[in-house]
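Peer 1: Structure, please.
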Amino acid sequence: MAKTQRVSAGLLMCRRGDGGWEFLLAHPGGPYFVRKDHGAWTLPKGLVDSAEEELLDAARREFVEETGFATPDVHYEPLGHVAQKSGKRVQAWAFVGDCDPGLLVSNTFELEWPPRSGKLQAVPEIDRASFFDLRTARLKLIEAQLPFLDRALLWLTTDTPSDA
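Peer 2: Residues are numbered from 1 along each chain as shown. Alright, predicted model coming up:
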């Protein structure tokens, strides 16, 4: 896949919960998403900086920027890519890890709000993150990214990652 400005790279953190595998999803920050829940969550991800940046490196960088959590030196399972309605392609990897979502520290971006007001506000890229079981993650995640859950679950249940 060609690396262009319309390519994002992200990570799906997976952990074993009491009821099976759980997946860390992120809720976008800012006023457009404040009242959105089902179908609004995403993998921590972001744009690839340049054609020279490796996609997995970009995914790890974006994960740290958007969550504040370090990426461990473990196996990252390629999950392929999906195309979102906007035309953006998202490339993702899964890994087994754990964190306390309550300790999330996201980077920010400036947004003019209210629209056409001339007032800029610093808005977190992610306002919260949480682990969800598979059923709940399917409800929360944006539709285009749902295949990542299926691909991660296939890896987790057939390859039995050594990091688990």
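
Peer 1: so where is the protein shaky, pLDDT-wise?
Peer 2: For the chain, the stretches flagged by pLDDT under 70 are 1-5, 160-164.

Peer 1: Please report phi then psi for residue 20.
Peer 2: Main-chain dihedrals, residue 20, degrees, to the nearest 10: phi 130, psi -160.

Peer 1: Pairing partners for it in the sheet, please.
Peer 2: Per DSSP bridges, the residues bridged to residue 20 are residue 17.

Peer 1: just use 55 as the starting number from now, easier for me
Peer 2: Sure, I'll start numbering at 55, so the last one becomes residue 74.

Peer 1: burial of it, as a residue count?
Peer 2: Number of residues near residue 74 (other CB atoms under 10 Å) recorded here: 12. Where C-beta positions appear, they are placed from N, C-alpha and C, glycine not excepted.

Peer 1: And the strands in this structure?
Peer 2: If DSSP state E is used as the criterion, the strands of the chain fall at 61-71, 74-82, 99-101, 131-137, 143-150, 162-166, 174-178, 180-187.

Peer 1: In JSON lines: those strands, plus distance to residue 115.
Peer 2: Formatted as JSON lines, the strands of the chain follow (distance: least, CB to CB, whole Å):
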{"stretch": "strand 61-71", "distance to residue 115": "8"}
{"stretch": "strand 74-82", "distance to residue 115": "15"}
{"stretch": "strand 99-101", "distance to residue 115": "8"}
{"stretch": "strand 131-137", "distance to residue 115": "17"}
{"stretch": "strand 143-150", "distance to residue 115": "13"}
{"stretch": "strand 162-166", "distance to residue 115": "15"}
{"stretch": "strand 174-178", "distance to residue 115": "17"}
{"stretch": "strand 180-187", "distance to residue 115": "15"}
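
Peer 1: Many thanks, we can stop here.
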